[in-house]
Every structure is written in C-alpha cells, then in structure tokens.
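Colleague: Please find the sequence and the predicted model below.
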Amino acid sequence: MDSGGAGMSEILQPCPFCGGTKICTEKGINLNYCDNCSAESNVERWNTRPIEDELRAENVRLNSWLDEVIKQGNYLEHTLRLAYEHVNGHAFVHGWRDMVNHIQKEREE
Ligand SMILES: [Zn+2]
C-alpha cells in the first residue's frame, strides 16, 4: 500500500456532492468519505474530477470566446458610431452597447 508523499501532501478536494470540506480517511479500507453526506471514494480517486476539469476547461474557452466577442463588438460599435454618426444608426449602436453591458454585468455576478 502506498502511504507515501501523495497522501500526505495532496490536499483533499471538497465533496463533489455537497461541497463539504470535512473529508475523512479510513486507511484500513482505503476509503475517503464526506463527514456531511457520506459520499465515498477510493483514496486515489477522491481528487479525480474528470467532468469538473472538463467543465472548467470549457468555461475558460467560453470566457475567452466571450472576451473576443465583446472586443469585436466594441470595435464594431466604434466603427458604426463613426459611420452612422449623422444617420439614423444610433438605435442599433445603442442596442449593441446594451447587450455588451448586459453580458459584462452577468459575468460579474
Ligand atoms: Zn458530501
């Protein structure tokens, strides 16, 4: 049984089901369990979260895409403002600005 560095130095992640942070280890049966909801897993697998990792990576990709959309939107707005300054294009420009403001507000919450 490997009782070396990994177990000692690796910080146990919170419970994936309830978010509980009191995680107990039963070394004899190689089990970690959540003191709050009793969710359990092999010691080696407790910190393995393939779906969470995938979702985090996807979140990073989407946020980066949103940044690009907002950047392009700001550029588009700027361009339109110049082009439509003296024409009836203001409604569209304001519509885009509102949408960007809305997206930015949503992301901050
Ligand atoms: Zn739990």
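Modeller: It's in. Numbers count the residues shown, from 1 in each chain.
Colleague: quick one: what helix or strand has Thr79 in it?
Modeller: helix 50-83 (DSSP states H and E).
Colleague: and the chain, what are its domains?
Modeller: The chain breaks down into these domains under automatic domain parsing: 5-45, 50-108.
Colleague: Does the shortest one reach the ion?
Modeller: Yes: between domain 5-45 and the ion, judged by Cβ under 5 Å from the ion, the touching residues are Cys15, Phe17, Cys18, Gly20, Cys34, Asn36, Cys37, Ala39. In short, each C-beta sits where N, CA and C put it, glycine included.
Colleague: what would those residues look like in TSV with secondary structure and neighbour count?
Modeller: As requested, the residues of domain 5-45 next to the ion are exported to TSV (DSSP: H, G, I helix; E, B strand; the rest coil; neighbours: other Cβ atoms under 10 Å):
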residue	secondary structure	neighbour count
Cys15	coil	22
Phe17	coil	11
Cys18	coil	12
Gly20	coil	16
Cys34	strand	22
Asn36	coil	15
Cys37	coil	12
Ala39	coil	16
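Colleague: Now do the helix holding Thr79: which elements does it pack against?
Modeller: helix 90-108 (3 or more Cβ pairs under 8 Å, 6 or more residues apart in numbering; DSSP states H and E).
Colleague: what number of residues lie near Leu76?
Modeller: 14 (other Cβ atoms under 10 Å).
Colleague: quick one: low-confidence parts of this structure?
Modeller: 1-9, 84-94 (pLDDT under 70).
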